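In: Have a look; sequence and predicted model below, questions after that.
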Amino acid sequence: MDWLHGCGVEAVRYLQTHYGHRRDWFVLASRSAELRYTFFIFFPIWFHLRETTGIKLIWVAAVGDCLNLVLKWVFFGQRPYWWVHETSFYDSTAVPQIQQFPITCETGPGSPSGHAMAAASIYYVMVSSLSTELQLGRQLSVKDRCLWGLLWTMFWGLQACICLSRVFLAAHFPHQVIAGVLSGLLVAQSSSRVLWIYSASLRQYLVTTLLLFSVTLGLYLLLKALGVDLLWTVEKARRWCVQPDWVHIDTMPFSSLARNLGTLAGLGLALNCPLYWESCREKHSCGAPFRLGCILASLGLLHLIDSLQLPTQTESLYYLLSFCKSATVPLTSVAIVPYCLSCLLRSCSKKVE
């Protein structure tokens, strides 16, 4: 593995040396793969345009990220920014100098890449849904074939950009981002065969949330009982990150777990909430102006929710508040906003009459 890691470090150095002036572009590409954009932007847009796609996005994001956490605990992947300082692969005088950035110092294991896995699964779902909505690939016209090819070329181009950005930032080795992409595609493809999620009851949502929590926590406790420290990477991040304030609590393994489980539980509550069913019965809920209003209002409110800063002094309190904050995202988009907008339109229609 040292040889593979060494080649990866050379790839990091090459990108930083020859494309260092594109630093902002690489940072932007990396941030585009963060799941917060799925929850706070993509989900409300897709849910009000095509409800099944919105639901699928949450399931793929939440379950896929939990799977990514488990895989990281199993594979014990290193990260370039600390590996170069601890390996015996180099002589003491020949240790490569690689740069770090504010989003380099993630605290979890490196393999497979969570950003690459999330981007592959989420964008695959969106491009597939868009192709289906536009009925591309079913007709033989040249225009449809070109549009279909353009969509998937953009998809793979984006995956390449995200993978290169993670390597440039010294957050991952090349083989880790490739593994992330393949894992993400596997999650997205597998989700296409799971149809019960579109009609799942609140009980099924809560059972799934509890199951994911139990499996993840059970694996953590089992390995800890066997003497395996699954938080070994946190110490490495704090030791080798050049700026202590670049080590963020929201990159901790259990932080992503709380965020994903909260979002999934919140979606279950929202879809089985009386507010949601009442707004669905309104005649306005099928109209384009109503959907557009829901999208704009949801994006505005979710931006305010996203801007809320959680206290980080106590980890357990942070995880609890992160769970609650994440649960409010689908509740706001699915139930609260459509219901309030529906009541407003009903009130206006009564005044007109």
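Out: Now that the structure is in, tell me what you want to look at. Numbering: from 1, shown residues only.
In: burial count for Ile55?
Out: 21 (other CB atoms under 10 Å). Where C-beta positions appear, they are placed from N, C-alpha and C, glycine not excepted.
In: Which element, helix or strand, includes it?
Out: helix 51-75 (DSSP states H and E).
In: Kindly report the same for Met154.
Out: With elements taken from DSSP H and E, the one containing Met154 is helix 142-168.
In: ranges for the strands of the stretch 151-300 of the chain?
Out: Counting by DSSP state E, counting those that start in this stretch, the stretch 151-300 of the chain forms no strands at all.
In: what are the ranges of the helices in it?
Out: Counting by DSSP state H, counting those that start in this stretch, the stretch 151-300 of the chain has helices at residues 174-191, 202-225, 232-240, 253-271, 274-281, 288-307.
In: what about the ones you listed, which gets the closest to Pro80?
Out: Smallest distance to Pro80 across the helices of the stretch 151-300 of the chain (CB to CB): 9.4 Å, for helix 174-191.
In: Per-residue pLDDT of Pro44, please?
Out: Per-residue pLDDT puts Pro44 at 96.
In: mind checking how far it is from His115?
Out: From Pro44 over to His115 the distance is 22 Å, taken as CB to CB, to the nearest Å.
In: which stretches of the chain aren't confidently modelled?
Out: For the chain, applying pLDDT under 70 flags the ranges 92-93, 136-140, 281-286, 349-353.
In: thinking again about what came up before, in terms of secondary structure, what does the helix holding Ile55 contact?
Out: helix 43-49, helix 114-133, helix 174-191, helix 202-225, helix 253-271 (3 or more CB pairs under 8 Å, 6 or more residues apart in numbering; DSSP states H and E).
In: switch the cut-off to 10 Å
Out: Secondary-structure packing of helix 51-75 (3 or more CB pairs under 10 Å, 6 or more residues apart in numbering; DSSP states H and E): helix 35-37, helix 43-49, helix 114-133, helix 174-191, helix 202-225, helix 253-271, helix 315-330.
In: mind listing what's buried in it?
Out: By 16 or more other CB atoms under 10 Å, the buried positions in helix 51-75 come out as 53-73.
In: With stretch 73-87 instead?
Out: For stretch 73-87, a neighbour-count test (16+ other CB under 10 Å) marks 73, 77-84 as buried.
In: where's Val27, which helix or strand?
Out: Element membership of Val27 [criterion: DSSP H and E] is helix 23-31.
In: any residues touching that helix, and which ones?
Out: Here helix 23-31 makes contact (CB atoms under 10 Å, 6 or more residues apart in numbering) with 15-16, 19-20, 22, 37, 99, 101-104, 115-116, 119, 158, 160-169, 171-172.
In: go with 7 Å
Out: For helix 23-31, the surrounding residues in contact (CB atoms under 7 Å, 6 or more residues apart in numbering) are 101, 103, 115, 161-162, 165-166, 168-169.
In: Throw the residues you listed into a markdown table and include distance to Cys146 and neighbour count, thanks.
Out: Converted to a markdown table, the contacts of helix 23-31 look like this (distance: CB to CB, whole Å; neighbours: other CB atoms under 10 Å):
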| residue | distance to Cys146 | neighbour count |
| --- | --- | --- |
| Phe101 | 38 | 19 |
| Ile103 | 36 | 19 |
| His115 | 30 | 28 |
| Cys161 | 22 | 18 |
| Ile162 | 25 | 26 |
| Ser165 | 28 | 27 |
| Arg166 | 31 | 31 |
| Phe168 | 32 | 27 |
| Leu169 | 34 | 28 |
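In: if I pick the nearest residue to Tyr339 once chain neighbours are set aside, what's in contact with it?
Out: Nearest residue to Tyr339 in three dimensions, chain neighbours excluded: Leu275, at 3.9 Å (CB to CB, 6 or more residues apart in numbering). Contact analysis of Leu275 by CB under 7 Å, 6+ apart lists 335-336, 339.
In: If we only consider those residues, which is nearest to Thr153?
Out: Nearest to Thr153 among those: Ala335, at 37.6 Å, using CB to CB.
In: residues in contact with that closest one?
Out: 270, 273, 275-276.
In: Which two among those are spaced furthest apart?
Out: That would be Ala270 and Leu275, which, of the contacts of Ala335, are the farthest apart (CB to CB) at 8.2 Å.
In: Thank you, goodbye.
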